[in-house]
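**Student:** okay, predicted coordinates and the sequence, questions at the end:
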Amino acid sequence: MLHAVFRFSILASLFLGQLANAQVAGSADGNWQRSVVDLGRAKLEIFQQGSGRPVLMHPSLGRPAQDFMQVGESVAAAGYRVVLVNPRGIGGSTGPMDNVNLQVLARDLWAVADSLQLDRVFIVGQNFGNRVSRAASWLQPQRVTGLVLMAAGGEIEPDRAVWEEFQKVFDPDLPQEQHLQAVADSFFSPGNDPSLWKDGWHGETAQKQMEAARQTDFEPIYLGGTAPGLVIQGLDDRIAPPQNAWNLVQRRPDTRLVAYPNMGHAMLPEQPQALANALIDFLDSVAAPDQ
């Protein structure tokens, strides 16, 4: 096992196949192919683009898979099959959210992979998606080619004032101006445009996701399995403070760290090209299973 690799960089800077047990619903959002995978216990809306080694992406707390589309297009163009997964309760995805934990939601990712007949996959998760991704990688480590964690919180919590602003984001009764200010104050680096995430919030789902996290013993899944890893951290992230990333890469073997200035918890709309570059560099660096 390799020791943790520190690559601390301050930078200015997903073959469509036959879907088993899936209802194909046509294309949407440009070159993305939309499908609904029927798992029985749940139905998951997915978006695919590209060919090559598969990359599953899971979005942030209460956020849709479409958040990954800009980064995903770059990854697909670099030679990968990108699969964006909408979690239960968002978009066309449905399923019970009461009395579930992170492992239940992580099994949804593997059920999608199974329905697409994908044996080994890269897994990418942002914010809450990083928790689901760690659980998925912990459950079936032998199937994970590489693990990418963006805004990887879960250990060190934000301070009280930031947490209060964060909670306002999911208040459906908050006036638009105040909502946008709460988005800016909790998710975005100072000076970045919070209107990029003006819409797309699913407050009820976010509450259920947070409850799933509370019902999970996070310590066993903290490292997220044993696959090569990449942690991407925004230096202005107030929800997942940078110390979370530093601690994780120190404990997790074969894991590199990339950190960016002028980047907060939102990350994807703030610096999509920088994230795509870091992600592609990591994917390219991880040898295929037959190599």
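**Tutor:** Structure's in. What do you need?

**Student:** who touches the residue lying closest to residue 215 once chain neighbours are set aside in this structure?
**Tutor:** For residue 215, ignoring the flanking residues on the chain, the nearest one in space by Cβ to Cβ, 6 or more residues apart in numbering is residue 101 at 4.5 Å. C-beta here means a position set from N, CA and C on the backbone, and glycine is covered the same way. Residue 101 is in contact with 212, 213, 215, 216, counting by Cβ atoms under 8 Å, 6 or more residues apart in numbering.

**Student:** surely the third one meets residue 99?
**Tutor:** Yes - under the criterion of Cβ atoms under 8 Å, residue 215 makes contact with residue 99 at 7.4 Å.

**Student:** between the two, who's got more neighbours?
**Tutor:** Shown here are residue 215 and residue 99; by other Cβ atoms under 10 Å, residue 215 has more neighbours (13 against 9).

**Student:** run a quick neighbour tally on residue 83.
**Tutor:** Number of residues near residue 83 (other Cβ under 10 Å) recorded here: 30.

**Student:** thought residue 80 was touching residue 57?
**Tutor:** No - between residue 80 and residue 57 there is no contact under Cβ under 8 Å: 10.6 Å.

**Student:** more crowded one of these two?
**Tutor:** For residue 80 versus residue 57, the count of surrounding residues by other Cβ under 10 Å is larger for residue 57: 30 against 23.

**Student:** okay, and the beta partners of that one?
**Tutor:** residue 84, residue 124 (DSSP bridges).

**Student:** residues in contact with it?
**Tutor:** With Cβ under 8 Å, 6+ apart, residue 57 has these contacts: 14, 65, 68, 72, 82, 83, 84, 85, 124, 125, 129.

**Student:** pLDDT check: weakest of those residues?
**Tutor:** Among the contacts of residue 57, residue 14 carries the weakest pLDDT, at 28.

**Student:** can you give me the strands for this protein?
**Tutor:** Counting by DSSP state E, the segments of the chain that form strands are 22-27, 33-38, 43-49, 53-58, 80-85, 121-126, 144-150, 229-234, 255-260.

**Student:** dump those strands into TSV; add distance to residue 158 as well.
**Tutor:** Below are the strands of the chain laid out as TSV (distance: least, Cβ to Cβ, whole Å):
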stretch	distance to residue 158
strand 22-27	38
strand 33-38	34
strand 43-49	30
strand 53-58	21
strand 80-85	26
strand 121-126	16
strand 144-150	16
strand 229-234	13
strand 255-260	17
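
**Student:** which one of the ones you listed is the most hemmed in?
**Tutor:** strand 121-126 (a mean of 29; mean count of other Cβ atoms under 10 Å).

**Student:** can you pull out the low-pLDDT segments for the stretch 151-291 of the chain?
**Tutor:** 289-291 (pLDDT under 70).

**Student:** how much space between residue 180 and residue 196?
**Tutor:** In this view, residue 180 and residue 196 are 11 Å apart by Cβ to Cβ, to the nearest Å.

**Student:** follow-up on the earlier one: out of the contacts of residue 101, which is nearest to residue 138?
**Tutor:** Closest approach between these and residue 138, by Cβ to Cβ: residue 216, at 10.9 Å.

**Student:** pretty sure the closest one is touching residue 102, no?
**Tutor:** Yes - if you go by Cβ under 8 Å, residue 216 and residue 102 touch, sitting 4.2 Å apart.

**Student:** hey, what's in contact with both of these two?
**Tutor:** Common neighbours of residue 216 and residue 102 (Cβ under 8 Å, 6+ apart) are 131, 135.

**Student:** who's in contact with the residue nearest to the spatial centre of the chain?
**Tutor:** The chain has residue 125 as the residue nearest its centroid, 2.1 Å off, counting by Cα atoms, centre = their mean. With contact taken as Cβ under 8 Å, 6+ apart, residue 125 is in contact with 57, 58, 131, 132, 133, 134, 148, 149, 150.

**Student:** what number of residues lie near the nearest residue to it once chain neighbours are set aside?
**Tutor:** Once flanking residues are discounted, residue 125 sits nearest to residue 133: 3.1 Å by Cβ to Cβ, 6+ apart. Residue 133: 30 surrounding residues under other Cβ under 10 Å.
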